[in-house]
Structures are given as structure tokens and as C-alpha cells.
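**Q** Sequence unavailable; structure follows:
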Ligand SMILES: Nc1ncnc2c1ncn2[C@@H]1O[C@H](COP(=O)(O)OP(=O)(O)OP(=O)(O)O)[C@@H](O)[C@H]1O
């Protein structure tokens with residue numbers, strides 16, 4: 001798009017929560033949250049003023065046939081340049097036509113044309129920006145190339161050339177303008193979505209089994225809509241100004257009244273009746289000014305809301321998960337999770353593949369906790385993501401087999417994998433705060449995935465959410481459901497994520513360094529919780545960790561990973577006390593011998609009595 005149109009994305013505003021309210025009285029989001037944007041807008045004097053002016057203009061223009069004193073083209077040459085009077089409040093133009101009537105009717109053409117341009121720009125730019133930002137790949141490359149091409153063209157020159165080709169039809173020119181303005185929406189939306197896509201809470205939503213469409217609707221559109229609103233105002237203003245400019249230059253059809261054509265006529269008679277310039281100029285100025293002020297007020301409203309809700313958006317660092325732990329290579333494939341010869345590769349810019357996981361074997365049986373340990377970069381995360389089916393862009397399972405309850409999942413269609421993730425397999429991530437969307441209440445983030453993956457009503461999901469928070473030992477669950485992530489501690493956030501993971505009664509839990517981001521005391525509580533859930537529900541757990549203390553404390557078996565390979569597997573006792581592999585010995589040697597060990601796990605009641 002040309003320099004004439006707004007190309008820079010407005011600052012991304014914090015999303016306004018649109019989380020579904022819970023119907024359970026105890027779990028329901030407070031009704032005060034609803035419609036707060038409108039209330040905030042009404043509290044902002046500039047917002048009220050600009051919205052009022054725009055509304056007035058739109059209503060007046062829409063009712064032009066009723067409000068105009070006479071037809072816009074009715075002329076009486078004897079009254080040319082007549083001053084304002086009771087019958088003609090804005091006076092008469094050079095052809096003796098009523099200016100008020102022409103302003104009202106002209107507004108229909110001017111604003112209608114801008115609306116067409118805006119509609120086309122939105123229809124082309126927003127969906128393609130969403131798709132390119134969320135999916136990337138070849139569509140992103142092609143769309144970016146096309147957008148750069150269009151943006152390199154000067155809009156006014158293209159419009160003048162279009163006029164020469166298409167004729168003096170201003171509506172056709174507005175369609176061309178819409179195409180020229182679409183890249184501004186594309187770039188804005190694509191940039192924001194590409195950022196949001198990397199957020200951990202989007203990964204968490206994927207793992208909880210939500211479809212891409214739902215994730216976009218719930219987590220992405222809320223972030224995009226604020227900036228898009230502002231862009232709408234800017235593009236509408238530019239479309240109105242460009243259209244008026246074309247008419248002013250005499251490029252339009254000239255047959256229908258428009259504010260630009262009126263400016264043109266006024267300019268020709270500026271010496272004789274300078275007042276003629278005032279009315280169309282005022283109409284254009286008021287419309288554009290009101291649009292810009294309204295957009296600002298809307299943005300302020302959205303930012304207020306989201307700033308209050310989100311408080312702190314935590315680090316964007318992508319989780320480096322650890323993969324499922326160890327299975328004896330000999331174990332049979334009837335295990336809950338069975339991984340054989342798993343290889344993961346990333347496509348390189350030169351067309352070659354870089355293999356980062358080289359033939360991993362792991363088994364997790366029902367009711368056991370398997371630890372996957374290894375130093376940073378050993379391939380734990382890649383293995384876990386491969387099992388979950390959420391490898392980042394460019395990554396793929398290039399070989400091997402992963403079965404869950406005997407079902408091969410490598411090559412399974414995405415829909416089927418989602419169903420598995422939302423049901424049989426659950427995931428507990430490393431950084432609890434980054435995996436909760438700051439814009440939604442805890443209740444909303446527990447309820448929505450349950451509604452969609454279990455197909456239950458909101459009321460039922462809200463009831464289950466309260467039970468789940470009790471299950472993970474969160475005090476005052478009803479109150480907690482109404483809180484936003486920034487209002488709870490890291491330990492509570494991790495409990496919430498564990499509750500979310502348990503919400504669909506999984507059989508296999510993949511926990512990625514679930515305690516790394518927590519302080520020592522909270523770590524112990526979360527590990528105790530995991531152990532209790534695993535015992536009570538007979539879960540199979542693949543625990544990715546670099547902490548050998550955690551392995552000793554919790555795991556039944558352990559797999560040690562180094563440079564993309566499992567170097568040793570066995571029972572925890574055997575691997576920790578009689579390591580066979582030199583790397584395992586080095587890993588154990590790196591642990592401080594004098595470091596204090598945690599007391600063995602006991603049920604909560606026992607802990608409180610022994611404390
Ligand atoms: N997008 C990517 N493209 C290419 N290589 C990658 C990509 N992501 C990870 N890798 C490589 O894969 C290897 C394994 O990384 P992985 O994140 O699985 O390690 P990890 O054992 O989980 O480490 P940490 O404990 O730090 O999370 C690393 O060498 C890393 O460089």
C-alpha cells in the first residue's frame with residue numbers, strides 16, 4: 001500500500017476478556033465484567049462526544065431524503081450564492097442549489113464509498129493476516145510478498161490510473177482503494193497473531209484439545225480486535241479523505257453530490273463566496289476528527305480493561321519441556337505410552353534436515369511415574385512435544401513410532417490427535433503463569449476447554465471446575481475461579497494447570513519441569529500433589545525434569561537422555577545407585593553430595609499432623 005494509507009499497526013492493546021461466564025453461582029464471573037467497555041467509553045468525555053457526533057452525522061446522512069429541505073440537484077439560478085436563511089440554513093451554491101440538501105445527500109455517497117473501501121480492506125486483510133500469522137508457512141511468504149508489492153504502489157497514482165481504466169465511477173475507485181488498504185490490516189493482524197502464537201497459553205490451549213478455530217476465536221481475536229478497531233478508524237478517515245480528494249480534483253463522476261465535489265465547486269468560487277468551503281470542509285473535518293477520537297477512546301477502554309486484568313504478562317520464553325521418561329527398550333508395546341525409534345528433525349534453510357532426537361525408546365505404563373532426565377538441549381522437550389503432537393513450525397517426526405494405549409499416533413490426523421490430547425493425554429507445562437491467558441479468569445480457562453472437549457454445559461463445567469480446584473487443594477475454589485492469573489501465586493497457578501490437566505480424566509500425564517518456576521516449599525507441595533493424583537487415579541506420568549532429587553523422590557523408573565539419545569534406562573533405584581553409563585555417572589556426580597533431601601511423600605493429612 002502507498003504511503004498515503006496508514007501502514008503502521010496501532011499498538012497492540014491488551015485483549016478484553018470475553019471469557020464465558022460460569023453459570024454456577026459460586027463460579028460465575030461477576031456480571032459487572034459484562035459491557036464494561038461501553039461503560040468506560042461513556043465515562044470518557046471525548047469518547048461520548050466523538051461517538052455522539054458520528055452518530056448524529058450518520059443518522060442525518062441516512063435520513064437525508066427526509067431531512068433535506070429539497071432535492072440535492074434542484075436549482076434556482078436566481079438564488080445562486082444566496083446567504084444562509086431560514087429556508088436554506090447553509091445558503092445556496094453557485095448553481096442555486098440548497099447546500100444543506102447537498103451536504104446530507106453528499107454524505108451518503110462519501111461515507112458509503114468509504115464504507116465499501118473499508119469493508120473490502122477488512123474482508124481481505126483480517127482473515128489473511130490471521131491465517132498467515134497463525135499458520136505461517138508458504139501462505140505467509142506468498143501473502144507477504146503480495147502485500148509488499150501492493151504497499152510499494154502510491155495509492156493516489158493507482159487510483160488515478162484506475163479512473164482512466166475503469167471510468168469516472170467513484171464506487172469502482174472505492175473498491176480499488178479497499179484493495180490498496182487491505183495490506184495495512186494484513187500487516188497489523190499478522191504481526192500481532194505471530195506474537196500471540198508463540199505464547200505458552202496458546203500451546204496450553206492446543207494441548208488441552210481446543211481446535212485451532214477455537215484458539216483463534218478465544219485467545220487470538222481478543223488480542224487483535226483493539227488494534228483493528230483503531231485501524232478501522234484510520235483507514236475510514238483516509239478513505240473519506242482520498243475519496244474527497246479525488247472528487248476535489250475532478251476525477252470522480254461529478255454527477256452525484258459528494259463532499260469532495262462540493263469542495264471542488266467551492267474552491268472555484270473562493271473569491272466570490274468563501275463560505276461555500278466551510279460546509280463540506282466542516283463535514284469532512286468533523287467526521288474524520290470524530291473517527292480518530294472515537295478510536296482513541298475505544299483503545300483506552302480496551303487497554304484499561306486488559307491492563308487491569310492482565311497486570312503482568314510473564315516471560316514469553318518458550319517452554320523447554322522434557323520428554324517422557326524412560327522405558328526399557330525391551331518393554332512390550334502394550335504400555336500406556338510406548339515410543340520406539342522416535343526421531344525428530346527440523347528443516348533447514350538449505351533444504352536439508354537437522355535431526356535433534358535420534359531414535360528414542362520410552363515406555364510409560366499405567367500407574368507409574370517415569371522420569372526423563374538430561375541436561376539442557378538433550379532433546380527432552382522435542383521428544384515430549386513429538387509425543388503430544390505439538391512440535392514447533394519446521395519440526396516433524398521423521399521416524400519411529402509413538403503409541404498411546406496401543407494406538408499409533410504418528411501420522412494421525414490433527415482432529416484425532418486433538419481428541420487424544422483433550423482426553424487420554426494431559427500436559428502440565430513448566431511455567432504456570434505463562435500458560436494462563438492473562439485476559440481470562442481462572443474459571444473461564446478451566447470451563448471453556450471442558451465444555452468443548454467433554455461436550456458438557458457451562459453450568460456442569462463450572463461445577464466440575466470447583467471440584468477440580470478442591471482436588472488440587474486450592475482453598476476457596478469458588479472465589480479462585482473469579483480471579484485473574486495475576487491475582488494468584490505461581491504455586492496456585494501450577495495447581496490450576498494441574499486441575500485443568502485433570503479435567504478430562506486423563507490416563508497419561510506429561511509434566512514438563514512442573515516445579516522449575518516455583519520456590520522450594522511450593523515445589524514440594526506440587527510434587528506431593530502430583531504423586532497423590534497419580535496414586536489415586538492410577539495415572540501414568542512422564543515427568544520431564546533435570547532435578548535428580550525429584551526423580552529420586554517421585555519416579556518409579558528413569559530414562560537418561562543425552563544429545564538426542566536415551567543413554568540409560570532402568571528403575572530409579574538402579575539408575576541412581578548403580579549407573580551403567582558414563583554420562584549418568586557424570587550427571588550424578590554434578591549433584592552436591594551434601595544437598596539436603598526432601599522428606600518422602602506422605603498424604604496431606606499426615607503432613608499436617610507431623611508438621
Ligand atoms: N526450532 C528448532 N529448530 C532447530 N533445532 C531446534 C529447534 N528447537 C530445538 N532445537 C534443537 O533440539 C535440541 C533439543 O532441544 P530440546 O529443547 O528438546 O532440549 P531439552 O533437553 O528439552 O533442553 P531444556 O532442558 O533446556 O529444555 C537442541 O539441540 C536444540 O538446539
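**A** Yep, it's here. The shown structure was predicted, so the numbers you read here are calculated from the model rather than taken from an experiment.
**Q** CA only for contacts and neighbour counts going forward, please
**A** Fine.
**Q** Could you report the neighbour count for residue 213?
**A** Neighbour count of residue 213, defined by other C-alpha atoms under 10 Å: 9.
**Q** residues touching it, list them.
**A** With contact set as C-alpha atoms under 8 Å, 6 or more residues apart in numbering, residue 213 has no partners.
**Q** how much space is there between it and residue 134?
**A** For residue 213, the distance to residue 134 (C-alpha to C-alpha, to the nearest Å) stands at 10 Å.
**Q** care to break this protein down by domain?
**A** 40-65+91-310, 337-593 (automatic domain parsing).
**Q** any idea which of these scores lowest on pLDDT?
**A** Mean pLDDT per stretch puts domain 40-65+91-310 lowest among the domains of the chain, at a mean of 82.
**Q** That one and the ligand, any residue contact?
**A** No - with C-alpha under 6 Å from any ligand atom as the criterion, the ligand is not reached by domain 40-65+91-310; the gap is at least 11.9 Å.
**Q** same check, this time on stretch 503-512
**A** No - applying C-alpha under 6 Å from any ligand atom, one finds stretch 503-512 separated from the ligand by no less than 8.9 Å.
**Q** to the chain's geometric centre, what's the distance from that stretch?
**A** 24 Å (C-alpha atoms, centre = their mean, to the nearest Å).
**Q** Tell me which residues are up against it.
**A** Contacts of stretch 503-512 (C-alpha under 8 Å, 6+ apart): 320-324, 336-337, 366, 381, 384, 422-430, 446, 450, 453-454, 464-465, 468, 501, 538-545.
**Q** Which ChimeraX command selects the buried ones in these?
**A** Selection command for ChimeraX covering only the buried members of the contacts of stretch 503-512, criterion 16 or more other C-alpha atoms under 10 Å:
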select :320,321,322,323,324,336,337,366,381,384,422,423,424,425,426,427,428,429,430,446,450,453,464,465,468,501,538,539,540,541,542,543,544,545
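**Q** now, which of the contacts of stretch 503-512 lie within helices?
**A** 381, 384, 422, 446, 450, 453, 454, 464, 465, 468, 501 (DSSP state H).
**Q** Against residue 234, how distant is the most centrally placed residue in the chain?
**A** Nearest to the geometric centre of the chain sits residue 220, at 2.0 Å (C-alpha atoms, centre = their mean). Residue 220 sits 22 Å away from residue 234, going by C-alpha to C-alpha.
**Q** now swap in residue 379 and tell me
**A** Using C-alpha to C-alpha, residue 379 is found at 47 Å from residue 234.
**Q** got the residue ranges for the strands in the chain?
**A** Along the chain, counting by DSSP state E, strands occupy 337-347, 353-364, 369-373, 395-404, 407-408, 425-428, 508-512, 540-544, 557-562, 565-571.
**Q** of all the ones you listed, which gets the most neighbours per residue?
**A** Among the strands of the chain, ranked by average contacts under mean count of other C-alpha atoms under 10 Å, first place goes to strand 369-373 (a mean of 32).
**Q** What pairs with it, parallel or antiparallel?
**A** strand 540-544 (parallel), strand 557-562 (parallel) (DSSP bridges).
**Q** Rebuild those as JSON lines, extending it with distance to the ligand.
**A** Converted to JSON lines, those look like this (distance: least, C-alpha to the nearest ligand atom, whole Å):
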{"stretch": "strand 540-544", "distance to the ligand": "8"}
{"stretch": "strand 557-562", "distance to the ligand": "8"}
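**Q** need the contact list for the residue nearest to the centre of the chain.
**A** By C-alpha under 8 Å, 6+ apart, the residues touching residue 220 are 193, 196, 197.
**Q** which ones are touching the residue sitting furthest away from the middle of the chain?
**A** Distance from the centre of the chain peaks at residue 78, with 62.7 Å (C-alpha atoms, centre = their mean). For residue 78, the contacting residues are residue 96, by C-alpha under 8 Å, 6+ apart.
**Q** switch the cut-off to 10 Å
**A** 94, 95, 96 (C-alpha atoms under 10 Å, 6 or more residues apart in numbering).
**Q** Now do the same contact list for the residue lying closest to residue 359 once chain neighbours are set aside.
**A** Once flanking residues are discounted, residue 359 sits nearest to residue 341: 3.7 Å by C-alpha to C-alpha, 6 or more residues apart in numbering. Contact partners of residue 341, counting by C-alpha under 10 Å, 6+ apart, are 329, 357, 358, 359, 360, 361, 362, 399, 400, 401, 402, 565.
**Q** How much space separates the residue nearest to residue 428 when sequence neighbours are not counted from residue 348?
**A** For residue 428, ignoring the flanking residues on the chain, the nearest one in space by C-alpha to C-alpha, 6+ apart is residue 511 at 4.5 Å. Per C-alpha to C-alpha, residue 511 is found 29 Å from residue 348.
**Q** Which parts of stretch 453-472 count as buried, going by neighbours?
**A** Buried positions in stretch 453-472, judged by neighbour count with 16+ other C-alpha under 10 Å: 453, 457-469, 471-472.
**Q** distance of residue 387 from residue 499?
**A** 21 Å.
**Q** more crowded one of these two?
**A** Here residue 387 and residue 499 are set side by side on neighbour count (other C-alpha under 10 Å), and the busier one is residue 387, at 26 against 23.
**Q** Contact partners for the more buried one?
**A** 323-324, 337-339, 342, 381, 397, 401-404, 409-410, 421, 425, 510.
**Q** can you check residue 264 too?
**A** Residue 264 neighbours (C-alpha under 10 Å, 6+ apart): 244, 245, 246, 247, 248, 249, 250, 258, 270, 276, 277, 280.
**Q** ok, residue 420 touching residue 427?
**A** No - taking contacts as C-alpha atoms under 10 Å, residue 420 lies outside contact range of residue 427: 11.4 Å.
**Q** re earlier: for the contacts of residue 220, which entry has the maximal number of neighbours?
**A** residue 193 (25 neighbours).
**Q** Name the nearest residue to that residue, ignoring sequence neighbours.
**A** Closest to residue 193 by C-alpha to C-alpha, 6+ apart is residue 133, at 5.0 Å.
**Q** what's the answer for residue 538, then?
**A** Excluding the flanking residues, the one nearest residue 538 by C-alpha to C-alpha, 6+ apart is residue 367, at 4.3 Å.
**Q** Near that neighbour, how many other residues are there?
**A** Count around residue 367 with other C-alpha under 10 Å applied: 18.
**Q** is it true that residue 57 touches residue 286?
**A** Yes - using C-alpha under 10 Å, residue 57 is in contact with residue 286, at 8.8 Å.
**Q** Who has more neighbours out of those two?
**A** Using other C-alpha under 10 Å, the more surrounded residue of residue 57 and residue 286 is residue 57, with 18 against 15.
**Q** I'm done for today, thanks for sticking with me.
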